[in-house]
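Participant: Structure of the sequence below:
(chains A and B)
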Number of protein chains: 2
Amino acid sequence: MKRIVIIGGCAAGPKTAAKTKRVNPENIVELYTMENMISYSACGMPYYIKGSVPSYQNLIIRTPEDFKKQGIDVFLNHKCTRILPDEKSVIFNTMVNGVGEIKKVNYDELVLCVGSRPYTPKVKNINLENIFHLKVLDDGIKIKEKMEKSKSAIILGGGYIAIEILEAFVKNGLNVTVVERNHKIMSQFDPEISTIIKDYITKRDGKHVDFILDDEIIEFIGTKEFTGAVTRNGKTLHADFCVVAAGVVPNVELAREAGIEIGITGGIKTDNRMRTNIEHIWAAGDCTEETCLITKRPMYAALGTIANKQGRVAGINVNTDTNGVYEAFDGILGSAVTSYFDFSMSTTGLTETKARIFAKNSSIEPITATVTKRDKPGYMPDSNSITVKLVADKRTGELLGAQAVGVGDADKRIYTVTSALRANLTVQEFLHLDLTYSPAFSSTIDPLLTAAYKLKDEIDK
Amino acid sequence: MKRIVIIGGCAAGPKTAAKTKRVNPENIVELYTMENMISYSACGMPYYIKGSVPSYQNLIIRTPEDFKKQGIDVFLNHKCTRILPDEKSVIFNTMVNGVGEIKKVNYDELVLCVGSRPYTPKVKNINLENIFHLKVLDDGIKIKEKMEKSKSAIILGGGYIAIEILEAFVKNGLNVTVVERNHKIMSQFDPEISTIIKDYITKRDGKHVDFILDDEIIEFIGTKEFTGAVTRNGKTLHADFCVVAAGVVPNVELAREAGIEIGITGGIKTDNRMRTNIEHIWAAGDCTEETCLITKRPMYAALGTIANKQGRVAGINVNTDTNGVYEAFDGILGSAVTSYFDFSMSTTGLTETKARIFAKNSSIEPITATVTKRDKPGYMPDSNSITVKLVADKRTGELLGAQAVGVGDADKRIYTVTSALRANLTVQEFLHLDLTYSPAFSSTIDPLLTAAYKLKDEIDK
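Facilitator: Presented below is the predicted three-dimensional model:
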């Protein structure tokens, strides 16, 4: 029997707890979180703000009582302040009957699922009221409340979360200014694909959405409450509130203090069993860095789906002996998807941009093909256009990555490429893939395969 | 310069013609068909009958004039009656100014894309009026006309086409009896999955749809016109008309007469370049048999998507020298999809049933896992349930096939498995696939992966 202490209550933590208890019900499993609730879908918050999800309570997956029933003890409002590997214990600050208290907890195995926090850019007056981040559930509740009383907003950032919040705000009648430091929004995509995304948003909602690119907010205006912002290029913007969605950074400070190795990306370094460099300390979820399956190099991605998978692996492995059979989490492809109303944007593996950077220090020779084609035969009433871009290595013919965007079913195509990348399929092998076909679901020659044909031609040139 | 003669005008023929002309514009390319139109989507006909596609003309992809512009000569109403390999010519019956004429055409390369025809079961009085098949475009037009004047119909058969026609008829207010010889409909799926499909149809439209299984029509009633049918088990059925949708058989008679080898499945045997056993004669599309990529054994599948791919390969290869670089069509997975209104049914690779049959003559040891789970988080308004069944080889851990059905996005999951099967991925490799994730598109742990986890547990037992 072991005492397994898990810190973090969003995705990886609850998953680790549930899995480890299932694998060995004998163990004592304790789940600590600094928040006042656990196990909720952080990724669902934009949809709650938008109004598709009626109540924030819908986002709660399991309650402390649910965990209790499974034999897992949940401790809310416990903020970890120190990890003591030598004596195998952790220190928490908590409140007992309204009085602050310091608690020391011993562990046999410690799993850090301490997540990430919003990146806070160095902008003057960023602590004004009505400047929000979106990380914990409480943030979502507050943003929704504010949105419902407002007519305009500024979003700092132009990535996945920014676009999801933009949709929510436009849906609710707000005028929105998006300020993005980069020269393009959705910079996870290649420039010309980002342009397609931006053009769609502008065409659909140009009256309500303003993009300010290649510029950044340097100062927020207001005394106590936010009223606007000034950009580096001298623009003054006014709005009722602002959401900062400029990415996230892993919470690694406590780990670093305890001597746990931090990787080059800034996340906690683990092996494929989710072990850190310190014995009996494991890590999973947004606080860790991953390995890119294409480049075999470290990368950082904070995503609920990865957190869940890593939690599962950690939950299994904390129960195994060092030399026993273990579960491995080998790495990721950087797959991601989001949408702006009917328009999907989905990607996996390397973009051309990333492939060209990787090519500088490797032997790959990136080559690409892009096609824009209907996702179903043109005669079907719900047929829509998607743009698919494939990236491959001209030298080996292996696929390296794919992007797909459009009103049609783009994500389905990227799903398919993920297994091709996992298996190092070549374009030639991928070319005649026996995809299912019916006019209600796809075109006779799928856009994916049309792109592969084109890419093959490029490789053969 | 070569004279390339292509026989068949639906999918593989037009594709071969277009491709071969693009590869080498010097060649004379002639496309012959016995029909009065070419290059249309046969798979779109049920959607035309249903009413989703406004006119049958929407189904026509390219007209003879389109081909003419590309330098391809199209000959309509030319019925091939003989192939003469020794003198490299073919004989056609045709009409010139209303007078029947016999034409002999010489070829340098001959490509047979002569397709398939509906299987006609041996039923008494099957030639009565108002008994229809659905193969050529004209069939679709006639069935739609009849449906619009009718209140009831019988469908003989319970496979893909039967289900698509059933949807069209139900949508148009008809009462329909489906008579299927097998004890289940959609017998391409495992029994318990077929049951889920049938239960959905019955729950949704039980008042209008009657399934008669494990029985068959032995006689049609009527003198000139069909009025009903009698089954083996003694049931007498009455309806306004009947559609026979009992599968298709490849058109191989001319080929056989000419000494072209016919495979064990009944389709023309080709190598992976689409060459028949007779020099300068090629075949592509519904008239050929394919190789199953899983079992490496012959299989027969008549699908537009395969016809297109084979046409592309044949079109390239007829231009190459015997020893030159060629394009290969390695085989298929038996992937297929259809839907009944919002309910999708999609499959690839081996079902458990097929795997168990294959196991009798191979070293595989089939093992399966099935999960029913939402395709998106439960809090999303458009989240729906799908059932995913995976089949693997316990011995090697390799995936062998997958089936997915449900109101949710089942086909997306099967698309993904096709590339896994193409690459012989093991369940262990597939397990942590980095699928894209956002609540608008999928659940944090996709049903596919949940099924893979479960399957892994079965393998490890």
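Participant: Flag every residue of the stretch 101-250 of chain A that's near chain B.
Facilitator: Remark: the part of the stretch 101-250 of chain A in contact with chain B comprises A:Tyr160, A:Glu164, using CB under 8 Å from any CB of the partner chain. Where you see a C-beta, it was placed from the backbone N, CA and C, and this is true even at glycine.
Participant: Now do the helices in the stretch 101-250 of chain A.
Facilitator: Per DSSP state H, counting those that start in this stretch, the stretch 101-250 of chain A has helices spanning A:137-148, A:160-171, A:191-205. These are given in chain order.
Participant: same thing with the stretch 351-461 of chain A?
Facilitator: A:352-359, A:410-422, A:427-430, A:447-460.
Participant: out of those helices, nearest to chain B?
Facilitator: Nearest to chain B among the helices of the stretch 351-461 of chain A is helix A:410-422 (4.2 Å), distances taken as CB to the nearest CB.
Participant: Kindly calculate the angle that the closest one makes with helix A:447-460.
Facilitator: Put simply, helix A:410-422 runs at 50 degrees to helix A:447-460, going by axes from the mean of the first three to the mean of the last three CA atoms, to 10 degrees.
Participant: Return the list of helices and strands in contact with helix A:410-422.
Facilitator: Packing contacts for helix A:410-422, counted by 3 or more CB pairs under 8 Å, 6 or more residues apart in numbering or on different chains; DSSP states H and E, involve strand A:336-340, strand A:343-349, strand A:385-393, strand A:399-406, helix A:447-460, helix B:410-422, helix B:427-430.
Participant: make it 6 Å
Facilitator: Helices and strands in packing contact with helix A:410-422 are listed as strand A:343-349, strand A:399-406, helix B:410-422; criterion 3 or more CB pairs under 6 Å, 6 or more residues apart in numbering or on different chains; DSSP states H and E.
Participant: Run the chain-centre distance for it.
Facilitator: On the basis of CA atoms, centre = their mean, to the nearest Å, helix A:410-422 is displaced by 17 Å from the centre of the chain it belongs to.
Participant: Check stretch A:318-333 too.
Facilitator: Taking CA atoms, centre = their mean, one finds stretch A:318-333 lying 23 Å from the centre of the chain it belongs to.
Participant: before we move on, what about stretch A:38-53?
Facilitator: Relative to the centre of its chain, stretch A:38-53 is centred 14 Å away, using CA atoms, centre = their mean.
Participant: wait, isn't A:Glu327 in contact with A:Val318?
Facilitator: No: taking CB atoms under 6 Å as the contact criterion, A:Glu327 and A:Val318 are not neighbours in contact, 10.6 Å apart.
Participant: Who has more neighbours out of these two?
Facilitator: Neighbours of A:Glu327 and A:Val318, each counted by other CB atoms under 10 Å in any protein chain shown, are more numerous for A:Val318; the result is 26 against 22.
Participant: rewinding a little: winner for burial among the helices of the stretch 351-461 of chain A?
Facilitator: Taking mean count of other CB atoms under 10 Å in any protein chain shown as the contact definition, the stretch among the helices of the stretch 351-461 of chain A with the greatest mean neighbour count is helix A:410-422, which reaches a mean of 28.
Participant: now that helix and strand A:336-340, what's the angle there?
Facilitator: Computed by the same axes, to 10 degrees, the angle between helix A:410-422 and strand A:336-340 is 170 degrees.
Participant: CA atoms only for helix A:410-422 - export them in PDB, please.
Facilitator: Backbone C-alpha positions of helix A:410-422 (Å, rounded to 0.1, in the frame of the first residue of the first chain) are rendered in PDB as follows:
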ATOM      1  CA  ALA A 410     -11.500  20.200 -42.000                       C
ATOM      2  CA  ASP A 411     -10.900  18.500 -38.700                       C
ATOM      3  CA  LYS A 412     -11.900  15.100 -40.000                       C
ATOM      4  CA  ARG A 413      -9.000  15.300 -42.500                       C
ATOM      5  CA  ILE A 414      -6.500  16.300 -39.800                       C
ATOM      6  CA  TYR A 415      -7.600  13.400 -37.500                       C
ATOM      7  CA  THR A 416      -6.700  11.100 -40.400                       C
ATOM      8  CA  VAL A 417      -3.300  12.600 -40.800                       C
ATOM      9  CA  THR A 418      -2.500  12.100 -37.100                       C
ATOM     10  CA  SER A 419      -2.300   8.400 -37.500                       C
ATOM     11  CA  ALA A 420      -0.300   8.700 -40.700                       C
ATOM     12  CA  LEU A 421       2.200  10.800 -38.900                       C
ATOM     13  CA  ARG A 422       2.300   8.500 -35.900                       C
END
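Participant: and it, what's its mean pLDDT?
Facilitator: For helix A:410-422, mean pLDDT is 97.
Participant: what's it in contact with?
Facilitator: Residues lying outside helix A:410-422 but in contact with it, judged by CB atoms under 6 Å, 6 or more residues apart in numbering or on different chains, are A:333, A:335, A:337, A:344, A:346, A:348-349, A:386, A:388, A:399, A:402, A:404, A:430, A:448, B:412, B:415-416, B:419-420, B:433-436, B:441.
Participant: Give me the distance between the residue in chain A that chain B sits nearest to and A:Glu327.
Facilitator: Sorted by distance to chain B under CB to the nearest CB, the residues of chain A start with A:Ala423, at 3.1 Å. Distance, A:Ala423 to A:Glu327, by CB to CB, to the nearest Å: 20 Å.
Participant: likewise A:Leu59?
Facilitator: Taken as CB to CB, the spacing of A:Leu59 relative to A:Glu327 amounts to 28 Å.
Participant: Quick check on A:Val407: phi, psi?
Facilitator: Dihedral pair for A:Val407: phi -70, psi -20, per degrees, to the nearest 10.
Participant: any idea how far A:Tyr32 lies from B:Ala239?
Facilitator: Taking CB to CB as the criterion, A:Tyr32 is separated from B:Ala239 by 68 Å.
Participant: Between those two, tell me which one has more neighbours.
Facilitator: Remark: of A:Tyr32 and B:Ala239, A:Tyr32 carries more neighbours, 26 against 20, as counted by other CB under 10 Å.
Participant: Before I go, just wanted to say thanks for your time.
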